[in-house]
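> here's my sequence, what's the structure:
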Amino acid sequence: MGKIYCMMGKSSSGKDTLYKMLLQDKELSLKTVVPYTTRPMRAGERDGVEYYFCDEERLAELETAGKVIELRAYDTVHGVWKYFTVSDHQMEDETRDYLLIGTLESYQKLKCYFGKERVVPIYIEVEDGVRLERALQRERTQKEPRYEEMCRRFLADSMDFSEEKLREAQITTRFENENLEETEQNIKKYMLQ
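A predicted model of the protein is given here:
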């Protein structure tokens, strides 16, 4: 049976970059799972690549059809943004390995839905000062920077990824992301063992 690798970490920990690096590795042959969101698209994002961008009406249709595996709602300074995983065409082949980006909450729900033998956590850590610098640099590149939302996310991550919650989720393996290439190689070794 294939594995579903759930990559997690606080905002600006390098998850998106590591995700792309791992997907390009032919030896791993990972298949993507694109999450869904109701938040606005950021500069450089494409529908169906980073996320499936949809409105509340489409989300309601998916929920009514029983397709939503997990859903998280965040009350941002710009309104409520929802992120969710859908049981759709993306994970039909149970012999393949998949990679997705999630949160502790989504990891727990995926584990309940697919089974703990199939869902494997990959937790990325970065020192908070470095994360804050990265978040600020990224926000400055946006057409309309949302600094308040960046700060809210930074503070919320401290609670969402607290040591207590990491223990509850049974996250025992962590990948310190000081160097992208080294971190990618360490994750690859973990996946291949």
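> for the protein, which segments count as helices?
Assigned by DSSP state H, the helices in the chain fall at 15-24, 56-64, 104-114, 128-140, 147-160, 163-168, 180-192.
> highest average neighbour count across the ones you listed?
Ranked by mean neighbour count under mean count of other C-beta atoms under 10 Å, the helices of the chain are led by helix 104-114, which reaches a mean of 19. C-betas here are computed from N, CA, C, even on glycine.
> picking that back up, turn the helices of the chain into TSV, including distance to Met8 and mean pLDDT.
Shown next, in TSV, are the helices of the chain (distance: least, C-beta to C-beta, whole Å; pLDDT from 0 to 100):
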stretch	distance to Met8	mean pLDDT
helix 15-24	7	95
helix 56-64	22	97
helix 104-114	6	93
helix 128-140	14	93
helix 147-160	10	91
helix 163-168	9	96
helix 180-192	12	97
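> these: which one's closest to Val80?
Proximity to Val80 (C-beta to C-beta) singles out helix 56-64 among those, at 9.1 Å.
> now render the helices of the chain as JSON lines, adding distance to Ile4.
Output for the helices of the chain, formatted as JSON lines (distance: least, C-beta to C-beta, whole Å):
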{"stretch": "helix 15-24", "distance to Ile4": "13"}
{"stretch": "helix 56-64", "distance to Ile4": "19"}
{"stretch": "helix 104-114", "distance to Ile4": "6"}
{"stretch": "helix 128-140", "distance to Ile4": "26"}
{"stretch": "helix 147-160", "distance to Ile4": "20"}
{"stretch": "helix 163-168", "distance to Ile4": "19"}
{"stretch": "helix 180-192", "distance to Ile4": "12"}
